[in-house]
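Trainee: Build me a model:
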Amino acid sequence: MGGRAPRLRRLLPLATAALCACGAPPSSPEQEIRSLVAEAVRAAEERDIGAVKELISERYADEQGRDKRAVGATIGFYLLRHHAVHVLTRVGDMTFPRAGRAQATVLAALAGDAIASVDSLAGMRADLYRFELRLAREDGDWRVTFASWRPATLGEFF
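Mentor: All right, here's what the predicted structure looks like:
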């Protein structure tokens, strides 16, 4: 028994390292921002205004003078005005001008019916938008600090 305990103590760090290596690989900032976009889509489709607002920084400010509260109200109004919202997104260019900061272009199609694919958009009534986002890492999570948007064309989705 005396020889067994020292051997177990030597193996414990190796076993711990092996277990950690088996976990999910660490995500990249690009993957984390794509996850934020996916979470925004999920929250919008579920009409969960609170979850959408959680993705917006307390320091949010845009060119129209909106803060977090105002942009949250804009999103809430859109969701309340539409009985059902289905979203299809395309994440475009993504840059990281400095640590903890990112910029991303996101194309979003919003419709009352499920959107099977980009190809199906041509035969649907959908609102198409191009979002230019600035994001910051806050307390370990990415949050939107600025957004501008404009109508998009169907061609931008291809």
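
Trainee: Which positions within the helix or strand hosting Leu80 qualify as buried?
Mentor: Taking DSSP states H and E as the criterion, Leu80 maps to helix 68-81. For helix 68-81, burial by neighbour count (16 or more other CB atoms under 10 Å) applies to Lys68, Val71, Gly72, Ile75, Leu79. No exception for glycine: its C-beta is placed from N, CA and C like everyone else's.

Trainee: ditto for stretch 53-71
Mentor: Buried-residue list, stretch 53-71, by 16+ other CB under 10 Å: Lys53, Leu55, Ile56, Ser57, Tyr60, Asp62, Arg66, Lys68, Val71.

Trainee: For the buried residues of helix 68-81, please prepare CSV with the additional fields distance to Glu45 and pLDDT.
Mentor: Below are the buried residues of helix 68-81 laid out as CSV (distance: CB to CB, whole Å; pLDDT from 0 to 100):
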residue, distance to Glu45, pLDDT
Lys68, 21, 97
Val71, 19, 96
Gly72, 17, 95
Ile75, 13, 94
Leu79, 10, 91
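
Trainee: and which of the residues you listed is nearest to Gln103?
Mentor: Within the buried residues of helix 68-81, the smallest distance to Gln103 is 17.2 Å, found for Val71 (CB to CB).

Trainee: List the contacts of the closest one.
Mentor: By CB atoms under 8 Å, 6 or more residues apart in numbering, the contact set of Val71 is Ile56, Tyr60, Asp62, Ala147.

Trainee: quick check, nearest of these to Ala104?
Mentor: Nearest to Ala104 out of those is Ala147 (CB to CB; 10.0 Å).

Trainee: Could you tell me the per-residue confidence at Ser28?
Mentor: Looking at Ser28, its pLDDT reads 95.

Trainee: That one - how many residues pack around it?
Mentor: Ser28 is flanked by 9 other residues according to other CB atoms under 10 Å.

Trainee: ok, so what distance separates it from Glu156?
Mentor: For Ser28, the distance to Glu156 equals 25 Å [CB to CB, to the nearest Å].

Trainee: next one: Val118
Mentor: 10 Å.
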